[in-house]
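Peer 1: got a predicted structure plus its sequence, pasted below:
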Amino acid sequence: MGLGGLASKARAAFAELSPAEQLGLAGAAALPTSMLFPWYGFKLGSTLSATAFDAFNLAHAVLLLTAGAVGWMLLLRSRRDWPRPLDDGALLIVAGVWSLLVLAFLVADPPDLIVDTLPIGGVEIRYGMIVALAGAGAMVAAGVRIRRERTASPDES
């Protein structure tokens, strides 16, 4: 199977998802994508910044693992033959809240590599962190929408 065949299968799987599930998948995709953007910058008007991959630690690995698990769950959900002992909406909410907690930790405690480089001015949060926060929020919102849809029509689960 070539790269084009894999891309067409991924598009077909994405199209089979409900809008709420698509939102959750987009939120999960935003987490690793945000790691390419600057997360931390130095105060004092400097343009120096660091991406999440520049300051990679266990918390960033946890975010990647969470995003991968959510993406895997939702793409398997598109096949409709996957047994679900737990509600997808609840799992999305838990994953989103967990990601928000990890991101809050990363905001409160920036990596030492960045802080020790320039101790006078400190570190400020850049737009990569905002993209990650939006992705985690999208996962929570998608989970709430899925739970609301399932409680409105319980015969579909």
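Peer 2: Noted; the coordinates are in hand.

Peer 1: which residues in the chain form helices?
Peer 2: Secondary structure of the chain (DSSP state H): helices at 3-16, 19-34, 58-77, 88-108, 112-117, 127-152.

Peer 1: what's the longest strand in the protein?
Peer 2: strand 38-42 (DSSP state E).

Peer 1: what mean pLDDT does it have?
Peer 2: Average pLDDT, strand 38-42: 81.

Peer 1: can you check stretch 146-157 too?
Peer 2: 73.

Peer 1: picking up where we left off before, quickly, which of the helices of the chain bottoms out on average pLDDT?
Peer 2: helix 112-117 (a mean of 57).

Peer 1: who's in contact with stretch 15-29?
Peer 2: 14, 66-68, 70-71, 74-75, 77-78, 80, 88-89, 92, 95-96, 134-139, 141-143, 145-146, 149 (CB atoms under 8 Å, 6 or more residues apart in numbering). C-beta: built from backbone N, CA, C; applies to glycine.

Peer 1: run the last query once more with 6 Å
Peer 2: Applying CB atoms under 6 Å, 6 or more residues apart in numbering, the external contacts of stretch 15-29 come out as 67, 70-71, 74, 78, 92, 135, 138-139, 142, 145-146.

Peer 1: next: stretch 136-154.
Peer 2: Under CB under 6 Å, 6+ apart, the answer for stretch 136-154 is 20, 23-24, 27, 88-89, 92-93, 95-96, 99-100, 157.

Peer 1: so which of these is surrounded by the most neighbours?
Peer 2: Counting neighbours by other CB atoms under 10 Å, Gly24 leads the contacts of stretch 136-154 with 33 neighbours.

Peer 1: hang on, the earlier thing: give me the buried subset of the contacts of stretch 15-29.
Peer 2: 67, 70-71, 74, 78, 92, 135, 138-139, 142, 145-146 (16 or more other CB atoms under 10 Å).

Peer 1: sweet, I'm off.
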